[in-house]
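**Q** sequence? don't have it. structure:
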């Protein structure tokens, strides 16, 4: 029995290696409904620059598949070049991680209609964004109440709107910080700290950094958070 198990394991290892798939491999697969022909680009940010990881000419039914090795989970972009001289609505943002992530969307509602599954980190990102959208919606409501009016607002009314805006922004910051603290084992935590609230009070960013699991702390955004805190400390 032991010999059989060793043989099966060896065969599995050979097959896996032959496919070039490791524990750090990210596979992004899916379909763009209605896309007859176009080029898809898998992108990410490296040293503050948007870099193309891979590209694929899509023809036929709009199906696609990318495969790449990751150092750690991070934000990726799926960009569709429709050759219409317009980048609006052509880029999907997702939190990539090892394993298979599936993305299904349509060519004419590329970013707004995207359904993304398979990535636990992306599920956390969507959870965070869904709640943050309520704060953003409130900001728009406050802004709209101050413009397009028949009668201009007086100074007291403007001050009241400013206080409401400041209060809403503060609530958004508090939510973001608490979300990161409550998800210390997720790669979303240092991402929120470095990308969403990098100008927050350093003591709150430090609190996030201190509770991160070792694996998350050693990730791309975990290292960026550490570097951010060191920069703040050196400038004080």
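**A** Arrived safely, thanks for sending. What you are looking at is a predicted structure, and each value in this text was computed from that prediction instead of being measured.
**Q** just name the shakiest helix or strand of the protein by mean pLDDT.
**A** Lowest on mean pLDDT, DSSP states H and E among the helices and strands of the chain sits helix 2-18, with a mean of 42.
**Q** helix, strand, or coil at the residue lying closest to residue 209 once chain neighbours are set aside?
**A** Leaving aside its sequence neighbours, residue 209 sits nearest to residue 225 (Cβ to Cβ, 6 or more residues apart in numbering; 5.3 Å). For the C-beta atoms, the positions are set from N, CA and C on the backbone; glycine is no exception. Under the three-state scheme (DSSP: H, G, I helix; E, B strand; the rest coil), residue 225 adopts helix.
**Q** check contacts around residue 225.
**A** Neighbouring residues of residue 225 by Cβ atoms under 8 Å, 6 or more residues apart in numbering: 190, 193, 194, 205, 208, 209, 212.
**Q** ok, 10 Å please
**A** Going by Cβ atoms under 10 Å, 6 or more residues apart in numbering, residue 225 touches 180, 189-195, 198, 205-206, 208-209, 212, 216-217, 219.
**Q** counting by contacts, list what the host helix or strand of residue 51 packs against.
**A** Following DSSP states H and E, one finds residue 51 within strand 49-59. With contacts defined as 3 or more Cβ pairs under 10 Å, 6 or more residues apart in numbering; DSSP states H and E, the packing partners of strand 49-59 are strand 25-33, strand 37-46, strand 63-69, strand 74-81.
**Q** residue 117 and residue 21: what is the separation?
**A** 19 Å (Cβ to Cβ, to the nearest Å).
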